[in-house]
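> Sharing a model prediction with you, sequence too.
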Amino acid sequence: MIRSKATRLILANVALLVASVSYAAAQDLPFGWQCTVPGEGYWLNGVVNALFDCPSVDEQAAPPDPTSDRSFLLRVMQCWNVGSLSSEALQTVVTISVQMSRDGRPETGSIRMIESRGGSDAAARQAYEAARRAVIRCGANGYDLPEESYDHWRELEITFNPEEMRLR
Amino acid sequence: MTRIFHALLASLLALAALTVQPAIAQSPGPLRIEITEGVIEPLPFALPEFIAGNSAATDAASDITRVIAADLVGTGLFREVPRSAHISSVTSFDSPVQWSDWQAINAQALITGSVSMEGGQLVVRFRLFDVFSEQPLGSGLQFVGSPDSWRRMAHTVADHVYERITGESGYFDSRVVFIAQEGPKNARLKRIAIMDYDGANVQFLTDSRSLVLAPRFSPTGDRILYTSYESGIPRVYIMDLASVRARPLEDDALTMTFSPRFSPDGNSVVFSAERGGNTDIYLLNLQTGDRRRLTDAPSIETAPSFSPDGSQIVFESDRSGTQQLYIMPASGGEGRRISRNDGRYGTPVWSPRGDLIAFTNQQDGRFHIGVMRTDGSEERLLTSSFLDEGPSWAPNGRVIMFTRETAGADGAPAIYSVDISGRNLQRVSTPGMASDPAWSPQLQ
């Protein structure tokens, strides 16, 4: 039996905090909350959005469309030409980052190699250049990406793994 | 009750104040995608004719451009965008690149250059650009040489382009020694000849009085070894290419010697010798004349080839009952068998990169050129025909030349090349019948 009003108030706050942290963890938001689209089973969404003055459901970004991700992937695949790469570059996996403009074009100056593994620096450079050519060439007229989910694809990290190509 | 409500509201606001900052600071993470499939196609490049800096260089500019294009296209890794499709015309070596014009025709690389005659010397400049990234690939380069060396200068430009795009060293500035043949099959005349890797500039090094076989380059490209029947039996000869003078490798005129190759340092020759009906492998020190026996078996051991580091030798032997491939230390020994699949294996050659061994394989009545790792794993047959044999590696270890002979009474040998992927099989241009190609190291 909890007698003190102050104690009950503290316990209520602790319960709210625990629930909030649980919600954040469930949403893969380890460093804090974000405005979110309410999802099934998460009753706390409304509280979070209200607390942080989030826009209404209608105002929020559309959920990511897996179809558009797939479409992007297919386009880049068509332009990723490994035919002129050395056998060492064909053993090198590179990850590049690229910022996208709202019209679906890659911002050429933003492209960077952020990781490579499996080959020398020279092989990584060749592999990176082939990856960069692929992203720029097939994005010259803009990728078919839904503008309403721009926040989802505005920053990309693309890993080019040639293992399967090496065997052909 | 009102107090409690206010207290609860204040607590919630305090909680919000504590947590709202990280929520705003954090933006959504990048979308991560992995791509595992692409395309394997020749890379399209544009090569406007090099600008002639003066009238004396007009022909050279045209010829050099043509050879560069042929080198790159001949690899199977590049495709030239036809000049009729060009939108931009390059009128000056230093004029800015009109990126959108080259992007519109899907040229992924652009090569521009100029050629001029200055003080009796040919001066060649070139630049390479990544069209879609809108930036140069490496720095521009300039080469100076005699007008006669225009082909080598063209090959050098092509080597640089190849190296910058593929990441591998080129092989265009290299030569090939081979056996040039003429006459009917039952009375074939054979001469040793040398040519550029693309079949240009053929010169004959021997006459056709004696049967000659299997020439091999030294690691520095200044000498060749070959087998000649000049004395009536096969003997190994060594020739200095600058003077075109040859001498027998050893004074012993009674022993049959054949199948020679230089060691990687060029100071020794490994070869086969037959004594009393038994063939074994020997090593001759060219400086001291010391000869050492490396194998000692009643079977036929032949076709030795050093690893690039000089520590091992791959060779063929029929000790198991059929011809198979073995590797032994360079100091000699039993050797361990590395060929394991069907058929007979012969003429092994260690790749300049050290990772692969090329060989001839015969099975089910057909011949193949193949490659395997040095432990015998990952064997791949690259070709198949009535008769394919005698592989020789390009200096960069990416391409193999070999002899292909057609069947029948009119069958004739020719030289072919193939990429180690098995793609881009093509006949090498020679003035007539040709066999036994041996690729030089990259020229200096």
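Perfect, I can see it now.

> Okay, helices next: where are they in the stretch 1-150 of chain B?
B:2-25, B:58-74, B:99-104, B:150-166 (DSSP state H, counting those that start in this stretch).

> and the third one, which residues are buried?
Residues of helix B:99-104 classed as buried under the neighbour-count rule (16 or more other C-beta atoms under 10 Å in any protein chain shown) are B:99, B:101, B:102, B:103. For every residue, glycine as well, the C-beta is placed using N, CA and C.

> shouldn't the last one be in contact with residue B:130?
No. With contact defined as C-beta atoms under 8 Å, residue B:103 does not count as touching residue B:130 (10.9 Å).

> per-stretch mean pLDDT over the helices of the stretch 1-150 of chain B, give me the minimum one.
Sorting the helices of the stretch 1-150 of chain B by mean pLDDT places helix B:2-25 lowest, at a mean of 46.

> Residue A:125: what's it in contact with?
Contact analysis of residue A:125 by C-beta atoms under 8 Å, 6 or more residues apart in numbering or on different chains lists residue B:167.

> typed the wrong thing, it's residue B:370
B:358, B:359, B:360, B:361, B:379, B:380, B:381, B:382.

> do residue B:439 as well
So residue B:439 contacts B:171, B:174, B:175, B:176, B:197, B:217, B:392, B:393, B:394, B:395, B:401 (C-beta under 8 Å, 6+ apart).

> Of those residues, just say which sits nearest to residue B:143.
residue B:174 (16.5 Å; C-beta to C-beta).

> Starting from residue B:167, give me the distance back to that closest one.
19 Å (C-beta to C-beta, to the nearest Å).

> Please identify which of those two sits among more neighbours.
residue B:167 (25 against 21; other C-beta atoms under 10 Å in any protein chain shown).

> sorry, back to before: could I get the buried residues of helix B:99-104 as CSV with distance to chain A?
Formatted as CSV, the buried residues of helix B:99-104 follow (distance: C-beta to the nearest C-beta, whole Å):
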residue, distance to chain A
B:99, 10
B:101, 13
B:102, 12
B:103, 6
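
> pLDDT weak spots in chain A?
Across chain A, the ranges flagged by pLDDT under 70 are A:1-68, A:166-168.

> the strands in it, which residues?
Ranges of strands within chain A are A:93-99, A:112-117, A:155-160, based on DSSP state E.

> Walk me through the domains of the chain.
No chain specified, so I'll use chain A. Taking automatic domain parsing as the domain assignment, the ranges for chain A are A:5-51, A:66-166.

> think we crossed wires, I meant chain B
B:43-166, B:175-439.

> about what we covered before: now the strands of chain A as JSON lines including distance to residue A:132?
Converted to JSON lines, the strands of chain A look like this (distance: least, C-beta to C-beta, whole Å):
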{"stretch": "strand A:93-99", "distance to residue A:132": "7"}
{"stretch": "strand A:112-117", "distance to residue A:132": "8"}
{"stretch": "strand A:155-160", "distance to residue A:132": "10"}
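
> Okay, residue B:318 and residue B:339: tell me how far apart.
Taken as C-beta to C-beta, the span from residue B:318 to residue B:339 is 12 Å.

> Show me which of those two is the more surrounded one.
A count of neighbours by other C-beta under 10 Å puts residue B:339 above the other of residue B:318 and residue B:339, at 25 against 16.

> Backbone dihedrals for the more buried one, both of them.
phi -90, psi 130 (degrees, to the nearest 10).

> Tell me how far it lies from residue B:298.
On the measure of C-beta to C-beta, residue B:339 and residue B:298 end up 20 Å apart.

> Make CSV out of the contacts of residue B:439 and add secondary structure.
Below are the contacts of residue B:439 laid out as CSV (DSSP: H, G, I helix; E, B strand; the rest coil):
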residue, secondary structure
B:171, coil
B:174, coil
B:175, strand
B:176, strand
B:197, coil
B:217, strand
B:392, strand
B:393, strand
B:394, coil
B:395, coil
B:401, strand
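
> Just put those residues in JSON lines and tack on distance to chain A.
Shown next, in JSON lines, are those (distance: C-beta to the nearest C-beta, whole Å):
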{"residue": "B:171", "distance to chain A": "13"}
{"residue": "B:174", "distance to chain A": "18"}
{"residue": "B:175", "distance to chain A": "23"}
{"residue": "B:176", "distance to chain A": "23"}
{"residue": "B:197", "distance to chain A": "19"}
{"residue": "B:217", "distance to chain A": "24"}
{"residue": "B:392", "distance to chain A": "19"}
{"residue": "B:393", "distance to chain A": "14"}
{"residue": "B:394", "distance to chain A": "13"}
{"residue": "B:395", "distance to chain A": "14"}
{"residue": "B:401", "distance to chain A": "18"}
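
> Could you save these as CSV and add columns showing pLDDT?
Formatted as CSV, the contacts of residue B:439 follow (pLDDT from 0 to 100):
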residue, pLDDT
B:171, 96
B:174, 97
B:175, 97
B:176, 98
B:197, 96
B:217, 97
B:392, 98
B:393, 98
B:394, 97
B:395, 96
B:401, 98
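
> What residue in the stretch 51-200 of chain B comes nearest to chain A?
residue B:167 (3.6 Å; C-beta to the nearest C-beta).

> Now do the contacts for the residue nearest to that residue when sequence neighbours are not counted.
Spatial nearest neighbour of residue B:167, excluding adjacent residues (C-beta to C-beta, 6 or more residues apart in numbering or on different chains): residue A:126 at 3.6 Å. Going by C-beta under 8 Å, 6+ apart, residue A:126 touches A:85, A:86, A:89, A:92, B:165, B:166, B:167.

> separation between residue A:126 and residue B:77?
Applying C-beta to C-beta, the value for residue A:126 to residue B:77 is 12 Å.

> Need the residues touching each of the two.
residue B:166.

> ok, now which ones touch residue 138?
No chain was given, so I picked chain A. A:75, A:76, A:78, A:79.

> Can you look at chain B instead?
Residue B:138 makes contact with B:128, B:160, B:164 under the criterion C-beta under 8 Å, 6+ apart.

> in chain B, which ranges drop under the pLDDT threshold?
For chain B, applying pLDDT under 70 flags the ranges B:1-28.

> that older thread, residues shared between the contacts of residue B:318 and residue B:339?
Joint contacts of residue B:318 and residue B:339 (C-beta under 8 Å, 6+ apart) are residue B:324.

> Give me the spatial nearest neighbour of residue B:62, chain neighbours excluded.
residue B:49 (6.1 Å).

> Next, work out how far apart that neighbour and chain A are.
According to C-beta to the nearest C-beta, to the nearest Å, residue B:49 and chain A sit 23 Å apart.

> Next, format the contacts of residue A:138 as TSV and append distance to chain B and neighbour count.
Compiled in TSV, those are given as follows (distance: C-beta to the nearest C-beta, whole Å; neighbours: other C-beta atoms under 10 Å in any protein chain shown):
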residue	distance to chain B	neighbour count
A:75	10	18
A:76	6	24
A:78	7	14
A:79	8	20
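
> Let's have those in CSV, adding distance to residue B:245.
CSV is the format used below for the contacts of residue A:138 (distance: C-beta to C-beta, whole Å):
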residue, distance to residue B:245
A:75, 63
A:76, 60
A:78, 58
A:79, 56
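
> and these, which of them are in helices?
A:75, A:76, A:78, A:79 (DSSP state H).

> which of these lies closest to residue B:35?
So of the ones in helices among the contacts of residue A:138, ranked by how close each gets to residue B:35 (C-beta to C-beta), first place is residue A:76, at 5.8 Å.

> which residues touch that closest one?
A:134, A:135, A:138, A:158, B:33, B:35.

> same thing but at 6 Å, please
A:134, A:138, B:35 (C-beta atoms under 6 Å, 6 or more residues apart in numbering or on different chains).

> Also residue B:161?
By C-beta under 6 Å, 6+ apart, residue B:161 lies in contact with B:111, B:128.

> One more pass at 8 Å, please.
So residue B:161 contacts B:45, B:68, B:72, B:109, B:111, B:126, B:128 (C-beta under 8 Å, 6+ apart).
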